[in-house]
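Q: My questions concern the predicted model and sequence given below.
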Amino acid sequence: MPPLRRRLFFGPPTAPASGLPVPHAVRGHEDMRTRFAPSPTGFLHVGGARTALFCYLQARAAKGVFILRIEDTDLERSTPESVQAILDGMAWLGLDYDEGPYYQTQRFDRYAEVAGQLLDEGRAYRCWCSKERIEALREEQMKLGQKPRYDGHCRDGAEPVAGVKPVVRFRNPLDGEVVFDDLVRGRISISNTELDDLVIARPDGSPTYNFTVVVDDLDMGVNLVIRGDDHINNTPRQINIYCALGAEPPAFAHVPMILGSDGARLSKRHGAVSVLQYREDGYLPEALFNYLVRLGWSHGDQEIFSRAEMIEYFDIRDVNRKAAAFDTDKLDWLNQHYMRSLPPGEVARHLRWHFKRMGIDPDQGPPLEDLVGVQADRVKTLKEMAEQSRVFYEELGDYDEGSAKKHLRPVAEEPLRAVGNRLADLLVWDPGRLNEAVRITAEERGIGMGKIAQPLRVALTGAAVSPSIDKTLWLAGRERSLERISRALAFIAARAAAM
RNA sequence: GCUCCCUUCGUCUAGCGGUCCAGGACGCCGCCCUCUCAAGGCGGAAACACGAGUUCGAUUCUCGUAGGGAGCGCCA
């Protein structure tokens, strides 16, 4: 049997009630090992993603190792699709791990081995209590205003019950207290009298969560456990198991969960909760990453961080204690920032993905880099950008009714025809010359830019909203522009004739 | 019910006993710019949950109260 590995990278997190072992120097320990351990029972949601991201950053900051472990012991609910969704989500966010993915289902022999060891040493025992008895016990205790827990009926030896396969329970200490210094919450202590003898193996021998985590983290040499704060209450039990195994517990950091914009627990009704849904909605991974890391963590007043800066500055101990509400407006702002500041080619790559999904051929129009340069500060998401740019890649459909009525009127005919002619004479189709052509046409007539730009805009895009007129012409291209101007002139003529 | 945990502008946060009649960011409001929509520039409103202590002095420390969250499984 392989020895249980012990690794320390800072002082013991457990301590007698006196003497505070201050966790020190999280950074700089080359042997730090963290892990992200999701259970594959659904997609990777933003809360889990943020936990993963903190594990990743902390490992990178300490030049340690980041491990991925899939906790799939729940055969009923775990699915290969979920595993894939987790892997895809992490890949999209750029969370690369150094070890794994390990799968708990492949380690059942090992859990059985350790459970057997605890049994042999008397640190665990078999329990034949029926579920009915446990149920009745719980009700009784609840009625008495007590915290429901196992009463230790089989703890000191019990007669096997014929035809019943026993569970294995961990023999939890009866007194004393468990104290640990959580890297984000500070000191947490709980009395052993609050804990009971938890089941570590079911009748069929399959292990339970609190037991597998300990065995895995020990075997994998994990010395810093970063996880959601819903596990705080499990930690003391786990620490007791570490001790029973004669091992040093790792350090713990419990990060708060993410709330919906209304402060309630994040759920589907808040819109996107799955990381991959954000990709579909048009967000850049850099934006979501930056948003998530700033949610509950900060470095002075800085809002924008490059990956290298995050790694340089991140320290799990700086993570906030309280749950944070997800704010889509701020994510939007970050997304726009990254659409404008990332290399256009990089943004274009993601944009291409959206075009394809929408059934638009990105090669039937201007280069996507040019499009990004023009549209990035006009939209919040790549999806919006693609939607608002179809006219540069596809045939123009019907004019927006209101826009056509307002701008494609007989008075617009002459200026539109004039600008069309001037554009047709242009030898070079670039924004500078295009702008000049429109401006001069307006000046010659002593009319405002808007008197020409708006009709032109409707002619080119079918609606009254688009990038500045020179950029719109530039993106539409010479051929499309001239053709659409002709069409608009015909439309105006037909309308005049009908009046 | 019991145990554990949390509490600064609407939201994310800075603050680690005096530097705070509390700073930044998103959002919001106003003005400017302007060929539309944006973007940009300038300005503005907006918070220490409450009550006791400790202290010369509390946003910062302690204890209560209120509010919120999590856990109490042969789920993870």
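A: Sure, I can see it. Keep in mind that what you see is a predicted model, and the values were worked out from it rather than measured.
Q: does the residue lying closest to A:Ala325 once chain neighbours are set aside have beta-bridge partners, and which?
A: Leaving aside its sequence neighbours, A:Ala325 sits nearest to A:Leu259 (C-beta to C-beta, 6 or more residues apart in numbering; 4.5 Å). (Glycine included, C-beta is placed from N, CA and C.) When assigned by DSSP bridges, A:Leu259 has beta-bridge partners A:Arg265, A:Ala325.
Q: Based on its surroundings, how many neighbours for A:Asp363?
A: A:Asp363 has 10 neighbouring residues, counting by other C-beta atoms under 10 Å.
Q: same question, the one 5 residues further on
A: Under the neighbour criterion other C-beta under 10 Å, A:Leu368 is assigned a count of 24.
Q: can you give me the strands in the stretch 101-250 of chain A?
A: With strands called from DSSP state E, counting those that start in this stretch, the stretch 101-250 of chain A shows them at A:124-127, A:167-170, A:177-182, A:186-191, A:199-201, A:224-228.
Q: Reformat those into a markdown table and put mean neighbour count next to each item.
A: Converted to a markdown table, those look like this (neighbours: other C-beta atoms under 10 Å):
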| stretch | mean neighbour count |
| --- | --- |
| strand A:124-127 | 20 |
| strand A:167-170 | 24 |
| strand A:177-182 | 20 |
| strand A:186-191 | 14 |
| strand A:199-201 | 23 |
| strand A:224-228 | 23 |
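Q: show me where the stretch 101-250 of chain A has helices.
A: Using DSSP state H, counting those that start in this stretch, the helices of the stretch 101-250 of chain A run over residues A:108-120, A:131-143, A:209-219, A:235-244.
Q: Mind listing residues that contact the second one?
A: By C-beta atoms under 8 Å, 6 or more residues apart in numbering, the surrounding residues in contact with helix A:131-143 are A:Lys147, A:Pro148, A:Arg149, A:Tyr150, A:Asp151, A:His153.
Q: What is the distance between it and the centre of its chain?
A: 40 Å (C-alpha atoms, centre = their mean, to the nearest Å).
Q: Give me the residues contacting stretch A:469-478.
A: By C-beta under 8 Å, 6+ apart, stretch A:469-478 touches A:365-366, A:370-371, A:374, A:389, A:391-392, A:423, A:426, A:429-432, A:434-435, A:438, A:449, A:452-453, A:456-457, A:460-461, A:466-467, A:481, A:484.
Q: For the stretch 251-400 of chain A, what lies in contact range of RNA strand B?
A: A:257, A:259, A:263-265, A:294-298, A:300-301, A:303, A:318, A:320-325, A:327, A:329-330, A:332-333, A:336, A:377-379 (C-beta under 7 Å from any atom of the strand).
Q: Between the helices of the stretch 101-250 of chain A, which one is closest to RNA strand B.
A: helix A:209-219 (3.0 Å; C-beta to the nearest atom of the strand).
Q: Report the distance from that closest one to the chain centre.
A: With C-alpha atoms, centre = their mean, you get 25 Å for helix A:209-219.
Q: From the contact counts, what lies against that helix?
A: helix A:108-120, strand A:199-201, helix A:235-244 (3 or more C-beta pairs under 8 Å, 6 or more residues apart in numbering; DSSP states H and E).
Q: tell me the most buried of the ones you listed?
A: strand A:199-201 (a mean of 23; mean count of other C-beta atoms under 10 Å).
Q: Put the buried members of the contacts of helix A:131-143 into a ChimeraX selection.
A: Selection of buried members from these for ChimeraX, criterion 16 or more other C-beta atoms under 10 Å:
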select /A:149,150
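Q: so which of the contacts of helix A:131-143 also contact RNA strand B?
A: Within the contacts of helix A:131-143, those near RNA strand B by C-beta under 7 Å from any atom of the strand are A:Lys147, A:Pro148, A:Arg149, A:Tyr150.
Q: Nearest residue to the third one in space, please, no chain neighbours.
A: Excluding its sequence neighbours, the residue lying closest to A:Arg149 (C-beta to C-beta, 6+ apart) is A:Asp196, at 3.5 Å.
Q: That neighbour contacts A:Arg171, correct?
A: No. Counting by C-beta atoms under 8 Å, A:Asp196 does not reach A:Arg171; the two are 10.6 Å apart.
Q: looking at chain A, which helix or strand is least sure?
A: In chain A, no helix or strand scores lower on mean pLDDT, DSSP states H and E than helix A:131-143, which sits at a mean of 87.
Q: Now do the buried residues in that one.
A: A:Ile134, A:Leu137.
Q: cool, and stretch A:428-438?
A: Neighbour-count burial for stretch A:428-438 [16+ other C-beta under 10 Å]: A:Pro431, A:Arg433, A:Leu434, A:Asn435, A:Ala437, A:Val438.
Q: between those, which is closest to RNA strand B?
A: Nearest to RNA strand B, judged by C-beta to the nearest atom of the strand, of the buried residues of stretch A:428-438 is A:Asn435 at 6.0 Å.
Q: And the closest one, what's its pLDDT?
A: With respect to pLDDT, A:Asn435 scores 93.
Q: quick one: contacts for it?
A: By C-beta under 8 Å, 6+ apart, the neighbours of A:Asn435 are A:Ser468, A:Ile469, A:Asp470.
Q: Give me the subset of those residues that also touch RNA strand B.
A: A:Ser468, A:Ile469, A:Asp470.
Q: Take the residues you listed and lay them out in CSV including secondary structure and pLDDT.
A: Formatted as CSV, the ones next to RNA strand B among the contacts of A:Asn435 follow (DSSP: H, G, I helix; E, B strand; the rest coil; pLDDT from 0 to 100):
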residue, secondary structure, pLDDT
A:Ser468, coil, 95
A:Ile469, helix, 95
A:Asp470, helix, 95
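Q: So which of these wins on neighbours?
A: That'd be A:Ile469 among these, by other C-beta under 10 Å, with 23 neighbours.
Q: Right, I'll leave it there.
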